[in-house]
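K.L.:
Would you be able to build a 3D model of this:
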Amino acid sequence: MIAELSQLLDHASYDQTYALAIENNVTGKRTQANRQRSYIALKKLYRFDPTYLPFVALAYFWSVTESTSRPFLAFQYALGHDYLLSESFPLVAHTPIGSMLSVARFEANLSTQHPNLFTPITQYSIAKNLASSYKQVGYLTGKVKVFRIPIKPTLPVVIMAFLMAYLNGDRGEFLFQSQWVKALEQDTENLHKFLILGSQKGWLTYQRAGLVISISFDPLLQQLSAHGHQN
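P.N.:
Below you'll find the model as predicted:
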């Protein structure tokens, strides 16, 4: 639902009137019932809670990121909030670049993770939605035949990944082992270059001395907390 999420965040990020945005039908739904269904589905995953730091971080980085990278921001947030998405990522990560990744493989992965939990129709629907999500983010490409491709995360996406891990309680070297940072698929030295650039923008404090790494988001978190509690 990246299109609906985009419309809501673009419309209401600054004054946080997400529910009002639905009432004003910024997503262009034809009926009140459709508007409510969209909002309930989005709210279940993204919360739209101005006191919830992961969502406030998403809204913030959304405002400083070009539109082509925004699906990756939404993906980084969703990794920590949608267990089916999180469980499916190893399948994608272990698929070599250039290899096919069919909906049937997503179905098989679901069946392995949750045997006999879903009906065949529901399992196919979930698998199809997962494949679509990875295409929107940039891990997959193709219509009839879908292939694995390398991703190209931008600076805000990388910093968002580290921030999600930081909010999860990870520190130092453990940040690099988190699901969010691993999903960037970047080598360690390249990640350090991104962190240096992020520190230059004031998004984090970063120190590295040999094997000792110190990363703190305290200044940014104070800024996000202040923004999130406005209005």
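K.L.:
And the strands in this protein?
P.N.:
140-141, 147-148, 205-209, 212-216 (DSSP state E).
K.L.:
Dump the ones you listed into CSV; add mean pLDDT, distance to residue 185 and mean neighbour count as well.
P.N.:
Using the backbone N, CA and C atoms, a C-beta is placed for each residue, glycine as well. Below are the strands of the chain laid out as CSV (pLDDT from 0 to 100; distance: least, CB to CB, whole Å; neighbours: other CB atoms under 10 Å):
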stretch, mean pLDDT, distance to residue 185, mean neighbour count
strand 140-141, 96, 13, 16
strand 147-148, 97, 11, 16
strand 205-209, 92, 21, 13
strand 212-216, 92, 20, 15
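K.L.:
so where's this protein shaky on pLDDT?
P.N.:
Residue ranges of the chain with pLDDT under 70: 1, 11-36, 227-231.
K.L.:
what are the ranges of the helices in it?
P.N.:
Along the chain, the segments classed as helices by DSSP state H run 2-12, 18-23, 32-46, 53-63, 70-79, 83-93, 103-113, 120-137, 155-167, 179-182, 188-200, 218-228.
K.L.:
buried set for the longest one?
P.N.:
For helix 120-137, the buried set under the neighbour-count rule, 16 or more other CB atoms under 10 Å, comprises 123, 124, 126, 127, 130, 131, 133, 134, 135, 136, 137.
K.L.:
Okay, angle between that helix and helix 103-113 too, please.
P.N.:
On the basis of axes from the mean of the first three to the mean of the last three CA atoms, to 10 degrees, helix 120-137 is oriented at 120 degrees to helix 103-113.
K.L.:
quick one, helix 120-137 and helix 70-79 angle?
P.N.:
Between helix 120-137 and helix 70-79, the angle comes out at 130 degrees (the same axes, to 10 degrees).
K.L.:
Give me the helices and strands touching helix 120-137, please.
P.N.:
If contacts are counted by 3 or more CB pairs under 8 Å, 6 or more residues apart in numbering; DSSP states H and E, helix 120-137 sits against helix 70-79, helix 83-93, helix 103-113, strand 140-141.
K.L.:
Adding distance to residue 153, write the ones you listed out as CSV.
P.N.:
Putting these into CSV (distance: least, CB to CB, whole Å) gives the following:
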stretch, distance to residue 153
helix 70-79, 6
helix 83-93, 14
helix 103-113, 22
strand 140-141, 15
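K.L.:
so of those, which one's packed in deepest?
P.N.:
When those are scored by mean count of other CB atoms under 10 Å, the highest mean neighbour count falls to helix 70-79 (a mean of 23).
K.L.:
Identify all contacting residues around that helix.
P.N.:
Contact with helix 70-79 is made by 2, 5-6, 45-46, 54-55, 57-58, 61-62, 65, 85-86, 89, 133, 136-138, 151, 153-154, 156-157, 160-161, 164, 179-180, 183, as judged by CB atoms under 8 Å, 6 or more residues apart in numbering.
K.L.:
7 Å instead, please
P.N.:
Identification of contacts with helix 70-79 by CB atoms under 7 Å, 6 or more residues apart in numbering yields 2, 5-6, 45-46, 54, 58, 61-62, 65, 85-86, 136-138, 153, 156-157, 160-161, 164, 179-180, 183.
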